[in-house]
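Sharing a sequence plus its predicted fold:
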Amino acid sequence: MNQLALQHITDSAYCFPVSDNEIVIRLRTAADDIKEAYIIYESKYKIAESRHQKLMTKIGTGRIYDYYSIRLKLDDTRLAYVFYLNDGENYYYFSEDGASLDYDFSKGYYNFFQYPYINEADIHHKVEWLCNSCFYQIFIDRFCIGDDNKDKSYINLKWGDKPTPKSFAGGDIKGIISKLDYIKSIGCDALYLTPIFRSPSNHKYDIVDYYDIDEHFGSKEDFKNLVEQLHKRNMRIVLDAVFNHVSERNELFQDVIKKGKDSEYFDYFVIRGDRPCKNPLNYEVFAGCDYMPKWNTSNPAVQDYLIAIALYYIQEYDIDGWRLDVSDEISHDFWRKFRKAIKSVKKDAAIIGENWHDASAYLRGDQYDSIMNYAFTKACLDYFAYNKLDATKMAQKLNDILMRNTDTVNDMMLNLLDSHDTDRFLNEVKGDKDKLYAALCLLYLFPGAPSIFYGTECYTMGGYDPDCRRCMDWDTALNKDNKAVLLLSKLSLIRKKCEFSFEGTLVNASQDGRVLILKRHGQRADAELYINQTDEVGTYNELQIAPGSFRLFADGGEIL
C-alpha cells in the first residue's frame with residue numbers, strides 16, 4: 001500500500017457535517033491501490049470499549065488518487081474514528097499517526113481522528129434554490145433595448161456590430177423585463193446580472209455610486225419592477241458586488257485626492273505616501289488600472305460601508321444574492337463579517353465568489369456558499385476544444401475538481417462554459433454545434449447550478465473581452481427551430497424532474513477509453529450521460545455511442 005498517498009483532514013472537505021447528527025467522511029488513497037476501505041467509529045468517550053465498522057464507497061478516481069466516502073448518522077456527535085484498509089495482502093489501521101498493522105483503541109484518545117462535536121453554527125446549510133436553479137447571465141448593455149424613449153445619444157455601437165472596449169449598444173433593464181418570459185421558456189429561472197450601478201464604462205465594474213442605478217440601464221423604479229416581475233414568475237436574481245475596487249470618481253476617493261492624509265477616508269484605500277499619485281503609481285488598484293483604486297477591506301469602516309450597500313439591495317429590492325467580483329483579493333475577515341450580515345437578513349441569499357482557482361479556504365460555511373466554477377470551464381475546454389483530455393483523463397479531472405469541496409458546496413457551485421471574462425465556448429470549439437450540445441448536457445447534469453451566458457442559445461461567437469460581449473441575436477434566439485433553445489428547455493426539465501443531489505454522483509470512462517460517463521442520482525429519478533468525442537464508436541456494456549455524439553438517459557428512458 002502506498003502510504004504516502006493516504007490523506008484525511010478533519011474539519012475540511014474530507015470531514016464535514018451536513019446536519020445536526022450527520023457527517024460525511026472522505027479518504028484519499030493512491031489510485032487502484034487498495035481493495036476495501038472501512039471506517040471504525042464511535043463516540044470519543046466510548047470507542048475504547050465499543051466500536052462500529054462500516055464499508056466506505058469508492059466515489060471517484062482522479063489523476064493519481066482514488067476517493068472513498070461514507071455518510072454517518074450519529075447518536076453521539078462527539079465522533080472518534082480510524083480507517084481500516086485492505087490492500088489485498090494486509091489490513092492496515094490509518095490514524096493521525098499514519099498507517100499501522102495494529103492499533104490500541106484503549107490509548108486512541110492520543111491519535112484517533114476526531115470531529116469533537118457538531119455545532120449548529122458550523123454546519124454549512126445548502127441554499128436550496130441555488131442548488132436547483134438554472135442561471136442566465138446577462139451583460140446588460142448587449143442584451144435588449146427596452147426603453148425607446150430614453151436618451152440614446154451615448155449609443156455608439158450599431159446592434160449586431162462587433163464591440164470595442166468603449167462601445168455602448170443601449171441594452172437596459174426594461175429590455176430584460178421584456179424578455180423574462182423568453183428566459184423562463186428556455187428553462188432558466190435565475191438571473192446573474194453584471195453590475196447595474198452608476199459607472200462611466202459599458203461594463204460598470206468601475207462604480208462611482210453604489211446606491212444609484214446607472215442611467216444607461218434605467219431607474220430605481222425599473223429595477224424594482226424587474227425584481228418584482230422575476231419573483232412573480234418564481235425566478236431569482238443575483239447582482240454583481242464589486243467590493244474589491246471602485247472608480248476614482250467615487251466621492252470618497254475624490255475626498256482623498258483633495259485632502260490627502262487629512263481625509264477621513266484616507267485609510268479606506270491602500271496608499272503609500274501622503275496622497276494618491278499616478279506617476280509613479282503609489283496606491284493599490286485593480287489589475288494595474290489606475291482609475292480603479294482598491295478598497296482596504298481590512299479596515300472595519302470600509303467593511304461597514306460595503307456591507308451596508310449589500311444589505312440595502314436585499315432589504316430595499318429583495319434581491320436573492322450576490323456574486324462577488326475579484327473576491328479572492330479581499331480579506332477573509334471581510335467575507336466572514338459579510339456573510340453573517342447577509343444571512344441575518346435573508347437566510348437563503350446566495351453568496352457566490354469569483355475565484356478562478358481552488359477556493360476551499362473560502363468554502364467552509366463561514367464565507368461563500370459557492371464560486372463560479374472556472375475549473376469546470378477549463379476542463380470542458382481541454383476536453384471539447386483543445387483535445388488535451390481523453391474521456392478517461394476528463395473523468396479523472398472532474399473527480400479531482402469535485403473532491404476539492406464538500407458535497408454541500410458541490411451542489412451549489414455555479415458551473416459555466418463561458419462568461420463575460422472568457423472567449424465564447426462556441427468560438428473555442430470552432431463553431432462545432434455538436435460539441436456545444438454535448439457540453440451543454442454535461443453542464444446541466446454536473447453537480448451544481450448551470451449558468452448560460454446570454455447568446456449561447458443563439459450560437460453567438462466571440463473571442464476574448466470585448467468580443468465575447470456581442471449583442472444578442474434575437475432573430476436566431478426566437479427561431480422556433482433553434483435546436484439549442486429546445487435542448488436547454490429539455491435539460492432544464494430533466495434537472496427539475498430528477499432533483500439531483502451530489503450524493504450518488506459517479507464520473508468515469510468506458511473501458512475502451514472513448515466514452516465519458518456521468519451518472520446522477522436524483523430524489524425522484526436518475527440520469528446517465530454518455531459522451532464520445534473520438535472518431536470511433538465507443539462502447540459501454542452493450543451501449544454504443546457514435547463518434548462525436550452523446551446519449552442521455554433519464555427516468556428509465558433515452559431522452560437524447
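Great, that's in hand. Keep in mind that what you see is a predicted model, and the values were worked out from it rather than measured. Residues are numbered from 1 along each chain as shown.

If you tally nearby residues, what's the number for residue 470?
Burial of residue 470, expressed as a neighbour count using other C-beta atoms under 10 Å, amounts to 23. To be clear about C-beta, it is placed using only N, CA and C from the backbone, and glycine gets the same treatment.

Listing partners with orientation, what would you give for the helix or strand containing residue 517?
According to DSSP states H and E, residue 517 maps onto strand 515-520. Looking at strand 515-520 with DSSP bridges, its paired strands and their directions are strand 506-509 (antiparallel), strand 527-532 (antiparallel).

Please work out which residues outside that strand touch it.
For strand 515-520, contacts defined as C-beta atoms under 8 Å, 6 or more residues apart in numbering pick out 383, 391, 394-395, 442, 445-447, 498, 500, 504-510, 526-533, 538-540, 545.

quick one: the lowest-mean-pLDDT helix or strand in the chain to chain centroid distance?
Taking mean pLDDT, DSSP states H and E as the measure, the helices and strands of the chain show their lowest mean at strand 557-558, namely a mean of 92. For strand 557-558, the distance between its averaged C-alpha position and the chain's averaged C-alpha position is 29 Å (C-alpha atoms, centre = their mean, to the nearest Å).

cool, stretch 24-32 as well?
For stretch 24-32, the distance from its own C-alpha centre to the chain's C-alpha centre is 24 Å (C-alpha atoms, centre = their mean).

Give me the pLDDT value at the closest residue to residue 368 other than its chain neighbours.
Excluding the flanking residues, the one nearest residue 368 by C-beta to C-beta, 6 or more residues apart in numbering is residue 353, at 4.3 Å. pLDDT, residue 353: 98.

Just confirm residue 353 contacts residue 329, I think it does.
No: using C-beta atoms under 8 Å, residue 353 is not in contact with residue 329, being 10.8 Å away.

who's more crowded, these two?
The neighbour count for residue 353 versus residue 329, taken as other C-beta under 10 Å, is higher for residue 353 (25 against 16).

which residues does that one bridge with?
With beta bridges defined as DSSP bridges, residue 353 has these partners: residue 324, residue 371.

For it, list the residues it contacts.
Shown in contact with residue 353 (C-beta under 8 Å, 6+ apart): 323, 324, 327, 328, 335, 359, 362, 367, 368, 370, 371, 372.

ok, so of these, who is nearest residue 268?
Closest approach between those and residue 268, by C-beta to C-beta: residue 335, at 17.8 Å.

quick check, the closest one in a helix?
Yes: in this structure, residue 335 lies within a helix as judged by DSSP: H, G, I helix; E, B strand; the rest coil.

In contact with the closest residue to it other than its chain neighbours: list those residues for me.
Using C-beta to C-beta, 6+ apart and skipping residues adjacent in sequence, the residue nearest residue 335 is residue 367, 4.0 Å away. With contact taken as C-beta under 8 Å, 6+ apart, residue 367 is in contact with 332, 335, 336, 338, 339, 351, 353.

Now which of those residues would you call buried?
Buried residues within those, defined by neighbour count using 16 or more other C-beta atoms under 10 Å: 335, 338, 339, 351, 353.

With distance to residue 434 added, can I get these in CSV?
As requested, the buried ones among the contacts of residue 367 are arranged in CSV below (distance: C-beta to C-beta, whole Å):
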residue, distance to residue 434
335, 41
338, 43
339, 42
351, 36
353, 33
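
re earlier: given the least confident helix or strand of the chain, what are its sheet partners and their directions?
Strand 557-558 has these partner strands in its sheet, going by DSSP bridges: strand 549-554 (antiparallel).

Output the strand it pairs with as CSV, restricted to C-alpha atoms.
As requested, C-alpha coordinates have been extracted for strand 549-554 and formatted as CSV (Å, rounded to 0.1, in the frame of the first residue of the first chain):
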residue,chain,number,x,y,z
SER,A,549,-22.0,12.2,-30.3
PHE,A,550,-23.7,11.7,-26.9
ARG,A,551,-26.6,9.8,-25.4
LEU,A,552,-28.7,10.9,-22.4
PHE,A,553,-31.0,8.7,-20.4
ALA,A,554,-33.3,9.9,-17.6
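
can you give me the mean pLDDT across it?
Averaged across strand 549-554, pLDDT comes to 96.

what's it in contact with?
Residues outside strand 549-554 that contact it (C-beta under 8 Å, 6+ apart): 434, 437-438, 441, 445, 494, 497-498, 525-532, 543, 545, 558-560.

And the buried ones among those, selectable in PyMOL?
Only the buried entries of the contacts of strand 549-554 go into this PyMOL selection, using 16+ other C-beta under 10 Å:
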select buried, resi 437+438+441+445+494+498+527+528+529+530+531+532+545+559+560
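
Make sure residue 253 is actually in contact with residue 292.
No: checked against C-beta under 8 Å, the pair residue 253 and residue 292 is beyond contact range at 9.7 Å.

ok so, going back, dump the contacts of residue 367 into a markdown table; add distance to residue 115 as well.
Compiled in a markdown table, the contacts of residue 367 are given as follows (distance: C-beta to C-beta, whole Å):
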| residue | distance to residue 115 |
| --- | --- |
| 332 | 22 |
| 335 | 24 |
| 336 | 21 |
| 338 | 27 |
| 339 | 22 |
| 351 | 25 |
| 353 | 26 |
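
Closest one of those residues to residue 101?
Scanning those for proximity to residue 101, where the rule is C-beta to C-beta, the winner is residue 332, at 41.4 Å.

Identify the residue spatially nearest to the closest one, adjacent ones excluded.
Using C-beta to C-beta, 6+ apart, the closest residue to residue 332 is residue 367 (6.6 Å).

still on that earlier bit, shared neighbours, residue 353 and residue 329?
Taking C-beta under 8 Å, 6+ apart as the contact rule, residue 353 and residue 329 touch no residue in common.

Just the terminal-to-terminal distance for stretch 152-159.
Counting by C-alpha to C-alpha, to the nearest Å, you get 13 Å between the two ends of stretch 152-159.

The stretch 201-350 of the chain: helices as residue ranges?
Per DSSP state H, counting those that start in this stretch, the stretch 201-350 of the chain has helices spanning 220-232, 251-259, 300-317, 332-345. These are given in chain order.

Buried ones in the first one, by neighbour count?
Read it as helix 220-232. Under the neighbour-count rule (16+ other C-beta under 10 Å), helix 220-232 has 222, 223, 226, 227, 229, 230 buried.

Centre of the chain to it, how far?
Using C-alpha atoms, centre = their mean, the mean C-alpha position of helix 220-232 is found 25 Å from that of the whole chain.
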